[in-house]
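**Q** Based on what follows, work out the 3D shape:
(2 chains)
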Protein chains: 2
Amino acid sequence: MFVIITYDVNEKRVHKVCKKLREYLLWTQNSVFEGELTKGKLNKCLAELEKIINKEEDSIYLYTIENPRHLKKTVFGQEKCNDDLFL
Amino acid sequence: MFVIITYDVNEKRVHKVCKKLREYLLWTQNSVFEGELTKGKLNKCLAELEKIINKEEDSIYLYTIENPRHLKKTVFGQEKCNDDLFL
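**A** Numbering: from 1, shown residues only, chains lettered A, B, ... in the order given. Below you'll find the model as predicted:
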């Protein structure tokens, strides 16, 4: 399935959340990650994120689209996502 | 259709971009807006955004899902989106 995750977490935890998300998804821009994941991997990712975040302060939004063909993505201006940054 | 827009724009233009997006969509968190829009309204919104952004520096990602039933949204932690902020 196609997954978009956006986060708004306390700066103390931003680095940990980012690092975890990079293990599973592609950084898009600012606090947005996206990519294709199996349900199993997504659940693993979420379980790991739940250990990192503080539910009273932080916020993680998960959007899932079972069939990636139902999603259309368009970029205006610069495409900031760059895999090379993480190699 | 359901629309998710994320932006990464130079701080000089953040306020204008935000203000424009609020006319059409609901603020979710950080630099993310979402909501249901007709194709006509979406095109109007995009045309207006293109007048604001600098395509050499800024970046706007648009995700559209024709049928909102194909999208599942889950929030972990705090739901930061709050209409009251904009009343």
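**Q** just the strands in chain A please.
**A** Remark: strands assigned in chain A by DSSP state E are A:2-8, A:26-29, A:32-36, A:59-65, A:71-77.
**Q** quick one: strands adjacent to the third one?
**A** With DSSP bridges as the test, strand A:32-36 is paired with strand A:2-8 (antiparallel), strand A:26-29 (antiparallel).
**Q** what's the distance between A:Phe2 and A:Leu42?
**A** Separation of A:Phe2 from A:Leu42 (Cβ to Cβ, to the nearest Å): 10 Å. Yep, even glycine has a C-beta here, placed from its N, CA and C like the rest.
**Q** try A:Val3
**A** Distance, A:Val3 to A:Leu42, using Cβ to Cβ: 6 Å.
**Q** CA-only coordinates of the helix or strand of chain A with the lowest mean pLDDT in PDB, if you can.
**A** Between all helices and strands in chain A, the lowest mean by mean pLDDT, DSSP states H and E belongs to strand A:26-29, at a mean of 91. The C-alpha trace of strand A:26-29 is given here as PDB (Å, rounded to 0.1, in the frame of the first residue of the first chain):
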ATOM      1  CA  LEU A  26      11.400   8.200   1.600                       C
ATOM      2  CA  TRP A  27      11.700  11.800   2.900                       C
ATOM      3  CA  THR A  28       9.600  14.100   0.700                       C
ATOM      4  CA  GLN A  29       9.900  17.600   2.300                       C
END
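**Q** Pull out the buried residues from it.
**A** Neighbour-count burial for strand A:26-29, with 16 or more other Cβ atoms under 10 Å in any protein chain shown as criterion, is recorded at A:Trp27, A:Thr28, A:Gln29.
**Q** so which of those residues would you say is closest to chain B?
**A** Lowest distance from chain B to the buried residues of strand A:26-29 (Cβ to the nearest Cβ) belongs to A:Gln29, with 4.0 Å.
**Q** bridging residues for that closest one?
**A** Under the criterion used (DSSP bridges), A:Gln29 bridges to A:Val32.
**Q** Next, the contact list for it, please.
**A** A:Gln29 makes contact with A:Lys80, A:Cys81, B:Thr6, B:Tyr7, B:Asp8, B:Ser31, B:Ser59, B:Tyr61, according to Cβ atoms under 8 Å, 6 or more residues apart in numbering or on different chains.
**Q** pretty sure A:Asn30 is touching B:Val9, no?
**A** No - A:Asn30 is not in contact with B:Val9 according to Cβ atoms under 8 Å; the separation is 9.7 Å.
**Q** quick one: which of those two has more around it?
**A** More crowded of A:Asn30 and B:Val9, by other Cβ atoms under 10 Å in any protein chain shown: B:Val9, with 24 against 17.
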